[in-house]
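*Asks:* Please find the sequence and the predicted model below.
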Amino acid sequence: MTRAATRAASLCPALRRAALASGWCLPPGPVELSRLVAALDTLLGDTDDREAQRARPGRCIHLLSLHSGDTRHLTLVLPGQDEPRQGRISLFSPLGAALLGARAGDLIEARAFGWRERACVLSVSPPCPETPP
């Protein structure tokens, strides 16, 4: 394997994570946007305890990547508040849109630029504690 090919292979996981977690991807189309708005309306209007455990903005989601086996904590946030490197994922990103409304035990799939990320939601809880810079 050439040096360039080795370098490209080492960058692939980072590019994949950035594409799936960042809101800079292509903007959602009308169908995706209406699905997101409907899900938000449902989540924000629910007072049922079971529904309160669904992923929504401000909630901490503990995920198990089915691709790598890694676990991570993410917080769903509104556009403009996202910081993927700190685990703050916009609900308009491919990963954020896939997580919206998910509960513990759900399998989710996010796609961006030909990449696919599959993960299992391990838990959904109140906001994650802020991590120091």
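*Replies:* Received, thanks.
*Asks:* what packs against the longest strand along the chain?
*Replies:* Of all the elements of type strand in the chain, the one with the most residues (DSSP state E) is strand 115-125. Contacts defined by 3 or more CB pairs under 8 Å, 6 or more residues apart in numbering; DSSP states H and E place strand 115-125 against helix 3-21, strand 60-65, helix 94-99, strand 107-112. For glycine as for every other residue, the C-beta is placed from the backbone atoms N, C-alpha and C.
*Asks:* mind running it again at 6 Å?
*Replies:* Using 3 or more CB pairs under 6 Å, 6 or more residues apart in numbering; DSSP states H and E as the contact criterion, the secondary-structure elements in contact with strand 115-125 are helix 3-21, strand 60-65, strand 107-112.
*Asks:* Just the CA atoms of it, as PDB, please.
*Replies:* Extracted in PDB, the C-alpha atoms of strand 115-125 (Å, rounded to 0.1, in the frame of the first residue of the first chain):
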ATOM      1  CA  TRP A 115     -21.400   6.000   4.100                       C
ATOM      2  CA  ARG A 116     -23.800   4.200   6.400                       C
ATOM      3  CA  GLU A 117     -23.600   4.200  10.200                       C
ATOM      4  CA  ARG A 118     -25.700   1.700  12.100                       C
ATOM      5  CA  ALA A 119     -25.900   2.000  15.900                       C
ATOM      6  CA  CYS A 120     -27.900   0.700  18.900                       C
ATOM      7  CA  VAL A 121     -29.300   3.300  21.300                       C
ATOM      8  CA  LEU A 122     -28.100   2.100  24.800                       C
ATOM      9  CA  SER A 123     -29.900   4.800  26.800                       C
ATOM     10  CA  VAL A 124     -31.500   8.200  26.600                       C
ATOM     11  CA  SER A 125     -31.200  10.400  29.600                       C
END
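*Asks:* Great, nothing more from me.
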